[in-house]
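[1] The amino acid sequence is not available; the structure is as follows:
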């Protein structure tokens, strides 16, 4: 019997079997042919696609058909603020940035500052707090290098003048039965949480509303978010718009094991706000795929698949495939011990974070160039 | 066994027993002492209060206590557009106008242009259509003589930038269980309709949000709307604001009998847009409390309580009590026959509508003075 696991927007538990998710969610793998097609159209390889970090999709071939006909797509992704952003949160935004660069796509970034307020019982997570976090998230996202001329970032509570009317149109086509099953809600769920998915649906067709013609939309997202669009894609189609295409990513593993870089234990995750010392400390505590002693490791070698240090290289810190293979090989063969391994990763993370801080600093008074309100 | 009837925002059926509603809804009558208190503070009598057209209330004594302490209240009411406005819709707005005049109260008027879209199956009732109707409603309301300096009128879809955030706060304290029971919803109800009551709650504390201090609010409404506030008052209190006070009105009877001036049969109601001929025709078809022939009527007289013509005088067209009593007496004694009776009412309605049209005409290019967006 396969191991049990759970993937919802509010809960990821157990060892995630991504192949089973493909069947369960009715999504399609990103296969060799599709990888090759993306590479050809982009003019270069993307390591997150070739390494199956983005492993599944909906309607991506259709989207590329449209692109080849000259019907350009735009990108939509987002993040619900509930705490400081971690490295895990970067994955969809790094993809959005690459898609923007390679396909000239505009990006719509939704920061639903009401979502976790409505879905969590934490009394400290007020709307004032999520608003503050939302602006910090916006700065982190902008600092990844998105083009301000081609990017709109918005908070739900600040853009509701635009979003609410469209959310109402979506909501008319979604019953409580659908939501109850999809999100595991009960009759005791609050009505704001029940309605919320309508807001998350809007940016997937908003550009079509704005332009008065159908514009294809591509959503890179963590696979836990797919459920919102399983529900909304039908509603969006009923309103006469294209259903959005989707690219699904896996979760960056937590440093201490576990399926997702949970924010409940701060040692599980690297926050973008972590200082150098904290990064070194956290990486030192990370789980590796190595044997219990240096001697055994030298003799038998380790397993990069089980090593969170190796996975960090794979997901973010070593885009070069041949260099990544050397790191994995060193782990497998036992030629590089855990301490050395970790020291190198901590250095790379700290270099990234230092650059990120510098980009944040440069952008912090220019964030208005990205934000839209209404 | 008492006759069955039903009063919800989406359905009024049977002969409404207002005394039973008072018990059922847990509201309080507007008694002699309270009538006298309102009269004293306003400096004049209001026929809708003395005649029990506004027959019940919540926390009205508290509101007047605050008023006497110098803590002024504001008024909130509204209308959900689904068709042209009828005379029946005027009752809460006429009260709002009087309260504004006598108590110097500001008025917040919500026009939820999404409500009927979400709650009706009529495919013609698009958001474009309700938007158009909403602006026509706004002009009708302004034309009743509200002071533009003390009145804010807003559509939900155009004011969501302000309303949505506050609605989210309300919604967190309302579960689907509560809504299901209160509105008779099922699992097949759409999630927009389920969320909607959160939006209707907001103007009841919006001024407190704006001013950063608690401001008492008084809501004159048709008694069918009470359910929204039975649900929301608790949520509003949990957010730390005053629960709004409420004044409940009865329904203007339909011309052809029935509890409420339904808009499904156009002959049941006088629309503000009806021309003179149409008014005459509709009033001529109205049910009276008279005997079946002129001879019997002269002999036995009629019953003003069953006479829709008499009730139109009572609710709107004859504010003078002694004149109203003469009309009722003429009906009872049989000295005035149905034809004469109707001719006089049709003339009064047409005089009112002609003046109303003239006020609309004067205001139509100045409606912006009333409207707020955001």
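    Alright, I've got the coordinates. The structure presented is a predicted model; accordingly, all values stated were derived computationally and were not measured.

[2] For chain B, what's the nearest residue on the stretch 1-150 of chain A?
    residue A:114 (4.5 Å; Cβ to the nearest Cβ). Glycine gets a C-beta too; all of them are placed from N, C-alpha and C.

[3] so what's that residue up against?
    Residues in contact with residue A:114 (Cβ atoms under 8 Å, 6 or more residues apart in numbering or on different chains) are A:127, A:130, A:156-157, A:192, A:196, A:199, B:165, B:168.

[4] And the residues you listed, which is closest to residue B:319?
    Of all the contacts of residue A:114, residue B:319 sits closest to residue B:165, with 41.6 Å by Cβ to Cβ.

[5] give me the number of residues near that closest one?
    Residue B:165: 20 surrounding residues under other Cβ atoms under 10 Å in any protein chain shown.

[6] What of residue A:357?
    14.

[7] which element is it on?
    Element membership of residue A:357 [criterion: DSSP states H and E] is helix A:338-363.

[8] and stretch A:321-340, average pLDDT?
    For stretch A:321-340, the mean per-residue pLDDT is 89.

[9] what's that stretch in contact with?
    So stretch A:321-340 is contacted by A:47, A:50-51, A:288-291, A:294, A:297-304, A:307, A:309-310, A:313-314, A:318, A:341 (Cβ under 8 Å, 6+ apart).

[10] Quick check: phi and psi at the nearest residue in space to residue A:47 that is not next to it in sequence.
    Among residues not flanking residue A:47 along the chain, residue A:319 sits closest, at 4.5 Å (Cβ to Cβ, 6 or more residues apart in numbering or on different chains). Here is the backbone geometry of residue A:319 (degrees, to the nearest 10): phi -70, psi -20.

[11] Next one: residue A:319 from residue A:304, what distance?
    Remark: distance between residue A:319 and residue A:304 (Cβ to Cβ, to the nearest Å) = 16 Å.

[12] again, but for residue A:99
    Distance, residue A:99 to residue A:304, using Cβ to Cβ: 28 Å.

[13] ok, now residue A:191?
    Taken as Cβ to Cβ, the span from residue A:191 to residue A:304 is 47 Å.

[14] So for those two, which sits in the more crowded spot?
    Between residue A:191 and residue A:304, counted using other Cβ under 10 Å, residue A:191 has the larger neighbour count: 27 against 22.

[15] how far does the one helix or strand residue A:138 maps to sit from the chain's center?
    Secondary structure assignment for residue A:138, by DSSP H and E: helix A:127-142. How far helix A:127-142 lies from its chain's middle: 16 Å, per Cα atoms, centre = their mean, to the nearest Å.

[16] now for that helix, which elements pack on it?
    strand A:107-111, helix A:115-119, strand A:151-155, helix A:338-363, helix B:156-171 (3 or more Cβ pairs under 8 Å, 6 or more residues apart in numbering or on different chains; DSSP states H and E).

[17] In JSON lines, list those along with distance to residue A:227.
    Formatted as JSON lines, the helices and strands packed on helix A:127-142 follow (distance: least, Cβ to Cβ, whole Å):
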{"stretch": "strand A:107-111", "distance to residue A:227": "16"}
{"stretch": "helix A:115-119", "distance to residue A:227": "13"}
{"stretch": "strand A:151-155", "distance to residue A:227": "22"}
{"stretch": "helix A:338-363", "distance to residue A:227": "30"}
{"stretch": "helix B:156-171", "distance to residue A:227": "20"}
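
[18] which stretch among the ones you listed comes nearest residue B:12?
    Nearest of the helices and strands packed on helix A:127-142 (Cβ to Cβ): helix B:156-171, 22.8 Å.

[19] Which positions in the closest one come out as buried?
    For helix B:156-171, a neighbour-count test (16 or more other Cβ atoms under 10 Å in any protein chain shown) marks B:156-171 as buried.

[20] contacts with chain A among those, please.
    For chain A, the contacts drawn from these by Cβ under 8 Å from any Cβ of the partner chain are B:156-161, B:163-165, B:167-171.

[21] and which of these is nearest residue B:68?
    Nearest to residue B:68 among these, counting by Cβ to Cβ, is residue B:170 at 29.4 Å.

[22] Report the contact partners of the closest one.
    So residue B:170 contacts A:192, B:198, B:201-202, B:232, B:235-236, B:239 (Cβ under 8 Å, 6+ apart).

[23] Would you mind giving these as JSON lines with secondary structure, neighbour count and distance to residue A:349 added?
    Formatted as JSON lines, the contacts of residue B:170 follow (DSSP: H, G, I helix; E, B strand; the rest coil; neighbours: other Cβ atoms under 10 Å in any protein chain shown; distance: Cβ to Cβ, whole Å):
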{"residue": "A:192", "secondary structure": "helix", "neighbour count": "25", "distance to residue A:349": "37"}
{"residue": "B:198", "secondary structure": "helix", "neighbour count": "28", "distance to residue A:349": "43"}
{"residue": "B:201", "secondary structure": "helix", "neighbour count": "27", "distance to residue A:349": "47"}
{"residue": "B:202", "secondary structure": "helix", "neighbour count": "25", "distance to residue A:349": "45"}
{"residue": "B:232", "secondary structure": "helix", "neighbour count": "23", "distance to residue A:349": "49"}
{"residue": "B:235", "secondary structure": "helix", "neighbour count": "23", "distance to residue A:349": "45"}
{"residue": "B:236", "secondary structure": "helix", "neighbour count": "24", "distance to residue A:349": "47"}
{"residue": "B:239", "secondary structure": "coil", "neighbour count": "16", "distance to residue A:349": "42"}
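
[24] quick one: which two of those residues are the most distant?
    A:192 and B:236 (14.6 Å).

[25] Would you confirm that residue A:44 contacts residue A:98?
    No - counting by Cβ atoms under 8 Å, residue A:44 stays clear of residue A:98, with 9.0 Å between them.

[26] When these two are compared, which one has more neighbours?
    Between residue A:44 and residue A:98, residue A:98 has the larger neighbour count (other Cβ under 10 Å), namely 20 against 10.

[27] Where do the strands of chain A begin and end?
    A:6-8, A:11-13, A:28-29, A:54-58, A:74-78, A:107-111, A:151-155, A:217-222, A:245-249 (DSSP state E).

[28] averaging pLDDT over each of these, which comes out lowest?
    strand A:11-13 (a mean of 84).

[29] Please identify the buried residues of that strand?
    residue A:12.

[30] cool, stretch A:267-275 as well?
    Across stretch A:267-275, burial judged by 16+ other Cβ under 10 Å covers A:268-272, A:274.

[31] And for stretch A:320-330?
    Buried, per 16+ other Cβ under 10 Å, within stretch A:320-330: A:324, A:327-328, A:330.

[32] ok, now stretch A:273-293?
    Here stretch A:273-293 shows A:274, A:278-280, A:282-283, A:286-291 as buried, counting by 16+ other Cβ under 10 Å.

[33] how about the helices and strands packed on helix A:127-142, which one is nearest residue B:147?
    When the helices and strands packed on helix A:127-142 are compared (using Cβ to Cβ), the closest one is helix B:156-171, at 19.7 Å.

[34] tell me the angle of the closest one relative to strand A:151-155?
    50 degrees (axes from the mean of the first three to the mean of the last three Cα atoms, to 10 degrees).

[35] Point to the helix or strand of chain A where mean pLDDT is at its lowest.
    helix A:294-300 (a mean of 82; mean pLDDT, DSSP states H and E).
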